[in-house]
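Novice: What follows is a predicted structure for the sequence shown.
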Amino acid sequence: MSFDANPPTGPAVTQRLRSAADLVAAIPYLLGFHPADSLVLISTRSAGQLGVDFTLRVDLPPPSVVADLAAELAEVVCAQRCEELLLVVVGADPRVGRAPDRPPPRAELVAAVVEACAAAGALAWATIWVAELAADAPWRCYGACGCAGELPDPASSPVAAAAVVAGQVTYADRAELERVVAPGNPAALRRREALLNRRMEELCRSGKGFAAGPEELASLERWIDVAAVDRPQLRDEDVVRLCLALSDPMVRDAAFGFAFEARAAAAERLWGTLVTESPDPESAEAAVLLAHSALMRGDGALAGVALRRAQEAWPGHPLSAMVQSALQSGCGPDELRDWFIEGSQRATEELAGRAES
């Protein structure tokens, strides 16, 4: 199952969410984009104030796979140790949902997911359909209460305000988010692929191979300094050199450390540029660096599409598969943080040792 997920929001933000409708309106900013035709699960906590532990989105499935999807979602909420849930169907067939004498759409999907999640220990305290995530959009409850209303303006949500303060981009839809990591100009990518192949052949014929050292890491640092000012303009040769540097696992692992220093935003800008400007499969290394950077600042949506981009560029790419598996098994950014820091430190020490030997 492919899904989009985001980690918790801070208590200073969530304490101002006072109703289910407030929480539904916050979904675009919890996910990082405005979903459509989606099922959204929000893991909440209600001790004193409504808060959010975890947000997950999937495409609305065809009826034939509802049971399978419900079982997979139950596994995810169990792994995430969710205890209470808000389920939201966005879109589906608005004409049916708006009719006061008809139940909201996809009731069979909601019922299956509620049952499966309850068996996994996560109880749904509300199930809601909303036509779209926009001001004054109609919403209705799937429960016997039949409650309904109009959605508050999502842009006025306290979660929206917090996203703006944090500099987080909220995309118009998932397609716009995916374009952030989409391959760039095909002709340029073909040129760079040919240059990389030629360089690798030369290294093989020389019998030396490629072993990076501190100078490759220093080259990354210089480009990060450039990216601190603006999106770097990379020539073909620049891309080739950076791809070769990141092809060494020690350089790539050392580069994870940039997410924990003052140049984190600049490093993320460089990784984002390299994802689109590098040929496959080399772009996978930049994609996993971008995913890590986004994850460490709480942008699960961008992290998710970057991890999938890594797998598309390099099917079976070990590190992106490992990170994705860890996230699906319930590991959060805080749990992964120490692992990445330690790995970066070990890699930096290894590169320094190569220079001395």
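Specialist: Alright, I've got the coordinates. Keep in mind that what you see is a predicted model, and the values were worked out from it rather than measured.
Novice: For the rest of this, base every contact and every neighbour count on C-alpha atoms.
Specialist: OK.
Novice: now the strands for the stretch 201-350 of the chain?
Specialist: Assigned by DSSP state E, counting those that start in this stretch, the strands in the stretch 201-350 of the chain number zero.
Novice: in the stretch 201-350 of the chain, which spans are helices?
Specialist: Counting by DSSP state H, counting those that start in this stretch, one finds helices in the stretch 201-350 of the chain at the ranges 214-227, 236-246, 249-255, 264-277, 283-296, 300-313, 318-328, 333-356.
Novice: which one of those is the most hemmed in?
Specialist: Among the helices of the stretch 201-350 of the chain, the stretch with the highest mean neighbour count (mean count of other C-alpha atoms under 10 Å) is helix 283-296, at a mean of 27.
Novice: what's the offset of it from the middle of its chain?
Specialist: Relative to its chain's centre, helix 283-296 lies at 10 Å (C-alpha atoms, centre = their mean, to the nearest Å).
Novice: so Ala182 makes contact with Glu277?
Specialist: No. The pair Ala182 / Glu277 is not scored as a contact, 9.3 Å apart, by C-alpha atoms under 8 Å.
Novice: domain assignment for the chain?
Specialist: Domain assignment for the chain by automatic domain parsing gives 4-174, 180-356.
Novice: tell me, which of the ones you listed is the model least confident about?
Specialist: Set side by side, these give their lowest mean pLDDT on domain 4-174, at a mean of 85.
Novice: Can you check the distance spanned by that domain, start to finish?
Specialist: 10 Å (C-alpha to C-alpha, to the nearest Å).
Novice: and if you look at stretch 153-162?
Specialist: Per C-alpha to C-alpha, stretch 153-162 runs 15 Å from first to last residue.
Novice: distance between it and the chain's centre?
Specialist: 20 Å.
Novice: same thing with stretch 65-74?
Specialist: The answer for stretch 65-74 is 21 Å, by C-alpha atoms, centre = their mean.
Novice: Next, the buried residues of it.
Specialist: Val66, Ala67, Leu69, Ala70, Ala71, Glu72, Leu73, Ala74 (16 or more other C-alpha atoms under 10 Å).
Novice: Could I get those residues in TSV, plus columns for secondary structure and distance to Asp153?
Specialist: Shown next, in TSV, are the buried residues of stretch 65-74 (DSSP: H, G, I helix; E, B strand; the rest coil; distance: C-alpha to C-alpha, whole Å):
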residue	secondary structure	distance to Asp153
Val66	helix	31
Ala67	helix	34
Leu69	helix	31
Ala70	helix	30
Ala71	helix	33
Glu72	helix	32
Leu73	helix	29
Ala74	helix	31
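Novice: how about these, which pair is most distant?
Specialist: Val66 and Ala74 (12.2 Å; C-alpha to C-alpha).
Novice: coming back round to it: out of the buried residues of stretch 65-74, who's nearest Arg198?
Specialist: After measuring the buried residues of stretch 65-74 against Arg198 - C-alpha to C-alpha - the closest member comes out as Glu72, at 44.9 Å.
Novice: separation between the closest one and Ala92?
Specialist: In terms of C-alpha to C-alpha, Glu72 sits 21 Å off from Ala92.
Novice: Same question for Ala262.
Specialist: 44 Å.
Novice: These two - which one has more neighbours?
Specialist: Ala92 (20 against 9; other C-alpha atoms under 10 Å).
Novice: So the more buried one belongs to a helix, correct?
Specialist: No. Using DSSP: H, G, I helix; E, B strand; the rest coil, the assignment for Ala92 is coil, not a helix.
Novice: Tell me which residues touch it, please.
Specialist: Residues near Ala92 by C-alpha atoms under 8 Å, 6 or more residues apart in numbering: Asp37, Ser38, Leu60, Pro105, Arg106, Ala131.
Novice: Need the three-state assignment for Arg192.
Specialist: Arg192 - assigned by three-state DSSP - is helix.
Novice: give me the number of residues near it?
Specialist: 23.
Novice: what's near enough to touch the residue lying closest to it once chain neighbours are set aside?
Specialist: What sits nearest to Arg192 in space, not counting adjacent residues and going by C-alpha to C-alpha, 6 or more residues apart in numbering, is Asp236, at 5.8 Å. Residues near Asp236 by C-alpha under 8 Å, 6+ apart: Ala188, Arg191, Arg192.
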